[in-house]
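>>> everything below, folded, please.
(one chain, ligands or ions: 1)
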Amino acid sequence: MSSAVLVLNCGSSSVKFALYDPESQERLLNGLAERVGTPNASITIKYASGPRTIEDLAGTDHKGVLATVLDELGDWMTENGVTISSVGHRLVHGAEEFAESALITEETLDAVRRCSPLAPLHNPANIAGVEAAQAVLPDVPHVGVFDTAFHQTMPQVAYRYAVPTEWYADLGVRRYGFHGTSHLYVSGAAADMLGKPLEDLKMVTAHLGNGSSLAAIRDGVSVDTSMGLTPLEGLVMGTRSGDLDPGILAYIAGRTGADVDSITNDLNKRSGLLGLSELSNDMRELEAAAADGHEQAALALEVFTYRLAKYIAALAVPLGGIDVLVFTGGIGENSHGTRAKVLDHLAFLGFELDPEANDRTIRGQGGPITRSERPVALVVPTDEELVIARDAHRLAATANPDQTNPDKEVSA
Ligand code: AMP
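Numbers count the residues shown, from 1 in each chain. Model prediction:
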């Protein structure tokens, strides 16, 4: 029997899951449950032999979905001699409570609940997922891996807002940053790719997907990032505005009568690439439309790349220069047009694009895309689930070695 780590990412209506072999770090399978709790709920499991979709899940909650997934995986696990030895949960907001991943106990869950006001949409759904998984897999260690934890190394000068101090002291108003697992993974992978110790590199990592953020990494740790108290700050994103003048809120409220919730909703869901283009939040669609002469799509791409380049250059301040720029996420890994525009803006820092390398480095390929070696720009495909699997395995083993003993593992 070999052991596997189950990685879970539970949203309010979705559950993403994956099984990892903790020794080889290979992903054995993955899948997605969508529209959980609605009449159209479905689960798709991607086996190496092909996908299988399960429907007729009407009324099933997170626990029911997880029970169905484990039931479905049962035969596959028996055939492949695999048992689940630990579960790693993606948890969004750990605030100042969590500077690293944590074994989930009642105290841990209470602390995650205390962080919920900072992520009212995400943390409660994450907690519901943990409780459902603990009910279905009660005998294996569960580990929480936080989006925010990686950035807890930021110094005050980077994380404090210039607002009344009691907002920070009493209400936790500070910059936390997100996408930590991705920034952690790609920074390590980039250093490996370059054959240099991470600690010796002044690195900016650009996670560019539907949500986008940058991290400045010095001496191997995050020293600044573009997201803040919430994932709304910083770069232009698919549907999120990123940075703006906070005065806009009062102005829009005064002019339209809209309340804070409705304006916040517009800033999260109707802004960014979608708001500018009035066409789509999807980079592929916008690139195709811009190539066909759609002016607003072209403008959206220009604003996206301009803000991105400006913010990357700003991170040269906490780093004292930039040795390495890493592109990752759906856009960073695939949109060679975005990368070329950004590096063009940043030519003054010494980045010299290699157009051929840039054009061919797509769809899961990684590698350098500049002729310049210092600074160098790299594409590094991210693997957030692998970080979660690694941490779950590591913490499960230190917490209770018995439970990672294959003889004592629990078959689903
Ligand atoms: P993610 O949230 O990391 O899955 O990234 C989603 C974003 O990546 C969307 O804006 C997609 O349009 C973009 N993306 C994915 N593939 C490509 C591609 N081949 N070219 C340009 N953008 C892409």
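
>>> tell me who's in contact with the residue of the stretch 101-250 of the chain at minimum distance from the ligand.
Taking CB to the nearest ligand atom, the ligand has its nearest neighbour within the stretch 101-250 of the chain at Gly209, 2.4 Å off. Quick note: C-beta positions are derived from backbone N, CA and C, even for glycine. By CB atoms under 8 Å, 6 or more residues apart in numbering, the residues touching Gly209 are 238, 329-332.

>>> which residues of the protein lie near the ligand?
Contact residues (CB under 6 Å from any ligand atom) of the chain with the ligand: 209-210, 238, 282-284, 287, 329-331, 334-335.

>>> export those residues to JSON lines and append columns for pLDDT.
Listed next are those as JSON lines, based on pLDDT from 0 to 100:
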{"residue": "Gly209", "pLDDT": "96"}
{"residue": "Asn210", "pLDDT": "93"}
{"residue": "Gly238", "pLDDT": "97"}
{"residue": "Asp282", "pLDDT": "97"}
{"residue": "Met283", "pLDDT": "98"}
{"residue": "Arg284", "pLDDT": "97"}
{"residue": "Glu287", "pLDDT": "98"}
{"residue": "Gly329", "pLDDT": "97"}
{"residue": "Gly330", "pLDDT": "97"}
{"residue": "Ile331", "pLDDT": "98"}
{"residue": "Asn334", "pLDDT": "98"}
{"residue": "Ser335", "pLDDT": "98"}
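
>>> can you select the buried ones from these in PyMOL?
A single PyMOL command selects the buried members of those (16 or more other CB atoms under 10 Å):
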select buried, resi 209+210+238+282+283+287+329+330+331+334+335
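
>>> nearest to Gly195, of the residues of the chain next to the ligand?
Checking those against Gly195 by CB to CB gives Gly329 as the nearest, at 24.0 Å.

>>> so what's that closest one closest to, chain neighbours aside?
Excluding its sequence neighbours, the residue lying closest to Gly329 (CB to CB, 6 or more residues apart in numbering) is Gly209, at 3.6 Å.

>>> same question for Pro39.
In space, not counting the residues next to it along the chain, Pro39 is nearest to Ala58; the distance is 4.6 Å by CB to CB, 6+ apart.

>>> burial count for that neighbour?
11 (other CB atoms under 10 Å).

>>> ok but it is inside a strand, no?
No - Ala58 is assigned coil when assessed by DSSP: H, G, I helix; E, B strand; the rest coil, not a strand.

>>> and Ala250, how far from Ser280?
30 Å (CB to CB, to the nearest Å).

>>> please apply the same query to Leu235.
From Leu235 to Ser280 the distance is 17 Å (CB to CB).

>>> quick one, which of the two is more surrounded?
A count of neighbours by other CB under 10 Å puts Leu235 above the other of Leu235 and Ser280, at 24 against 18.

>>> which residues touch the more buried one?
Contacts of Leu235 by CB under 8 Å, 6+ apart are 208, 212-214, 226, 242, 304, 307-308, 311.

>>> what secondary structure does it sit in?
Leu235 - assigned by three-state DSSP - is coil.

>>> with adjacent residues omitted, what lies nearest to Leu184?
Phe150 (4.9 Å).

>>> the one you found contacts Ser222, correct?
Yes - contact criterion CB atoms under 8 Å: Phe150 and Ser222 qualify, at 5.4 Å.

>>> tell me which of these two has more neighbours.
Set Phe150 next to Ser222 and count neighbours by other CB under 10 Å: Phe150 wins out with 28 against 23.

>>> adding secondary structure, write the contacts of Gly209 out as CSV.
Formatted as CSV, these follow (three-state DSSP):
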residue, secondary structure
Gly238, coil
Gly329, helix
Gly330, helix
Ile331, helix
Gly332, helix
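
>>> Pro164: neighbour count?
Residues lying near Pro164 (other CB under 10 Å) number 11.

>>> how close does it get to Cys115?
Counting by CB to CB - Pro164 and Cys115 are separated by 22 Å.

>>> now do Ser49
40 Å.

>>> setting aside sequence neighbours, what's the nearest residue to Ser222?
His151 (4.6 Å).

>>> before we move on, back to that, could you check the pLDDT of the residue nearest to Leu184?
Phe150 is assigned a predicted lDDT (pLDDT) of 98.

>>> and it, what does it touch?
177, 180-181, 183-184, 215, 222.

>>> these into JSON lines, with extra columns for pLDDT and distance to Asn358?
JSON lines is the format used below for the contacts of Phe150 (pLDDT from 0 to 100; distance: CB to CB, whole Å):
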{"residue": "Gly177", "pLDDT": "98", "distance to Asn358": "28"}
{"residue": "Gly180", "pLDDT": "98", "distance to Asn358": "27"}
{"residue": "Thr181", "pLDDT": "97", "distance to Asn358": "26"}
{"residue": "His183", "pLDDT": "98", "distance to Asn358": "22"}
{"residue": "Leu184", "pLDDT": "98", "distance to Asn358": "25"}
{"residue": "Ala215", "pLDDT": "99", "distance to Asn358": "22"}
{"residue": "Ser222", "pLDDT": "98", "distance to Asn358": "26"}
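
>>> cheers, nothing more for now.
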